[in-house]
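Asker: Sequence plus the predicted model coming up.
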Amino acid sequence: MMKFFNYGLLLFILLISLESKAQELSGFRLKAEYIPLSRYIPETKVGETGQKTEQKSDMRRLEGAISIPLSMKVDSLGRAKVWAVTLGGSYAKIKNQNYEVQLFPDELLNASVGLMHLRPLGKSWNMLFMASAGVYTDLKGISSQDILVMGGVIFIKQFNPNLALGVGPVVSNTFGIPMVLPAIFLNWKTNGKFQVMVNFPEKVELAYKASEGIKLKVVAEVSAMTADVGRKDKAFLSYLQVISGFQPEFKLNKSLSLQLTAGASLYRSMEFTSRKLKDFFKDKGDVNPPHFETTAYGAVGLKWNLGKR
């Protein structure tokens with residue numbers, strides 16, 4: 001059952017990156033988040049109770065992204081044709097407690113630069129092209145193994161102003177040689193005083209528009225980080241977290257908004273895997289991957305939007 005857990009995790013990482021780039025054609029976002037110490041649960045077989053340990057880790061993370069338009073044209077139907085440069089990064093500081101041998105790194109850094117192109121294809125189709133290269137490291141030393149390259153073409157069907165579905169191939173060298181992976185994202189939202197928004201696979205929101213400047217939201221979000229950690233047997237660290245919480249959003253002016261989030265880290269895993277392609281498809285059996293117990297979560301975010309798709 002867990003044979004393709006790492007495959008799914010990798011897809012989440014790629015898709016979250018694609019979704020973020022697709023949504024904001026020009027703008028800036030910055031978020032600081034904190035997850036307090038929570039107990040580490042090693043890998044267990046399905047049906048077994050996870051071992052209770054005193055090993056704990058927290059996470060303090062700062063992430064940001066900026067999209068800089070190189071050119072932007074709007075056709076007679078109001079559809080955008082855009083070339084843009086994207087810059088993104090995420091830095092995490094991790095405190096590890098009560099480990100006899102240090103298992104997880106103290107720091108993680110993901111930083112990338114990319115090129116994005118969005119153009120209409122016909123009346124209801126758009127094409128999104130993006131390519132990026134970045135450094136994904138535990139900061140113990142940076143080498144060519146820490147550099148990951150990704151590119152993809154996503155064809156987006158705009159069914160109506162509130163619903164869009166995108167599919168296409170993504171190429172990544174995460175496992176040494178370039179691999180082609182399928183990508184999909186869904187963007188659906190409703191209007192009115194009570195709103196629902198689904199940005200698969202990144203976010204689900206239920207919102208109440210209290211006023212023109214205030215939205216009260218309940219959210220569930222997925223985020224991820226990766227790093228080459230230089231271990232001979234399992235050199236790749238995959239980090240995945242799922243959070244949920246209450247998120248009021250305050251519109252400070254026409255373009256700038258402030259988001260505060262208080263809730264829980266429902267799922268948080270850090271798993272080491274091999275970067276050899278032959279190990280990628282090995283069946284690990286029915287196991288639950290190593291993860292951390294549910295704990296509190298808090299974040300503060302700023303978003304400056306100059307334009308949206």
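Answerer: Good, I have the coordinates.

Asker: going forward, measure contacts and count neighbours with C-alpha atoms only.
Answerer: OK.

Asker: for residue 217, helix, strand, or coil?
Answerer: Following DSSP: H, G, I helix; E, B strand; the rest coil, the label given to residue 217 is strand.

Asker: which stretches of the stretch 51-200 of the chain have low pLDDT?
Answerer: Residues of the stretch 51-200 of the chain that meet the criterion pLDDT under 70 lie in 51, 77, 175-176.

Asker: Which parts of it are strands?
Answerer: For the stretch 51-200 of the chain, applying DSSP state E, counting those that start in this stretch gives strands covering 56-74, 80-93, 96-97, 107-121, 125-137, 147-160, 163-172, 179-189, 194-200.

Asker: which one of those strands lies closest to residue 300?
Answerer: strand 56-74 (9.8 Å; CA to CA).

Asker: And that closest one, what does it pack against?
Answerer: strand 24-41, strand 80-93, strand 96-97 (3 or more CA pairs under 8 Å, 6 or more residues apart in numbering; DSSP states H and E).

Asker: roughly how far out does the longest one sit from the chain middle?
Answerer: Distance, stretch centre to chain centre, for strand 24-41: 10 Å (CA atoms, centre = their mean, to the nearest Å).

Asker: That one versus strand 80-93: what angle between them?
Answerer: Here strand 24-41 runs at an angle of 30 degrees relative to strand 80-93 (axes from the mean of the first three to the mean of the last three CA atoms, to 10 degrees).

Asker: Return the set of residues that bridge with the closest residue to residue 128 other than its chain neighbours.
Answerer: Leaving aside its chain neighbours, residue 128 sits nearest to residue 118 (4.6 Å; criterion: CA to CA, 6 or more residues apart in numbering). Beta bridges link residue 118 to residue 82, residue 128, judged by DSSP bridges.

Asker: Do I have it right that residue 118 meets residue 81?
Answerer: Yes - using CA atoms under 8 Å, residue 118 is in contact with residue 81, at 5.6 Å.

Asker: quick one: strands adjacent to whichever strand or helix holds residue 300?
Answerer: In the assignment (DSSP states H and E), residue 300 maps to strand 295-308. Strand 295-308 has the following strand partners under DSSP bridges: strand 24-41 (antiparallel), strand 256-273 (antiparallel).

Asker: and of the helices and strands packed on strand 56-74, who's closest to residue 139?
Answerer: Of all the helices and strands packed on strand 56-74, it is strand 80-93 that lies closest to residue 139, at 10.3 Å by CA to CA.

Asker: mind exporting that closest one as CSV, just the C-alpha atoms?
Answerer: What follows is strand 80-93, C-alpha atoms only, in CSV (Å, rounded to 0.1, in the frame of the first residue of the first chain):
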residue,chain,number,x,y,z
ALA,A,80,-3.3,37.6,-20.3
LYS,A,81,-0.1,36.6,-22.1
VAL,A,82,2.7,36.8,-19.6
TRP,A,83,6.4,36.2,-19.4
ALA,A,84,7.7,36.4,-15.8
VAL,A,85,10.7,35.5,-13.6
THR,A,86,10.0,33.8,-10.4
LEU,A,87,12.1,33.7,-7.2
GLY,A,88,11.2,31.6,-4.3
GLY,A,89,12.8,30.3,-1.1
SER,A,90,12.1,28.6,2.2
TYR,A,91,14.4,28.5,5.2
ALA,A,92,13.7,26.2,8.2
LYS,A,93,15.4,26.1,11.6
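
Asker: what's next to that strand, contact-wise?
Answerer: For strand 80-93, the external contacting residues (CA atoms under 8 Å, 6 or more residues apart in numbering) are 21, 25-26, 59-75, 106-120, 225, 309.

Asker: okay, the angle between that strand and strand 125-137?
Answerer: Between strand 80-93 and strand 125-137, the angle comes out at 20 degrees (the same axes, to 10 degrees).

Asker: so where is the stretch 201-309 of the chain shaky, pLDDT-wise?
Answerer: In the stretch 201-309 of the chain, residues with pLDDT under 70: 231-234, 275-286, 306-309.

Asker: Run a quick neighbour tally on the residue nearest to residue 128.
Answerer: Using other CA atoms under 10 Å, residue 118 has 24 other residues around it.

Asker: who's in contact with it?
Answerer: By CA under 8 Å, 6+ apart, the residues touching residue 118 are 80-83, 126-129.

Asker: can you check residue 220 too?
Answerer: Here residue 220 is in contact with 203-205, 242-245 (CA under 8 Å, 6+ apart).

Asker: now for those residues, which pair is the farthest apart?
Answerer: 205 and 242 (13.7 Å).

Asker: So those two - more neighbours on which side?
Answerer: Per other CA under 10 Å, whichever of residue 205 and residue 242 has more neighbours is residue 205, with 21 against 18.
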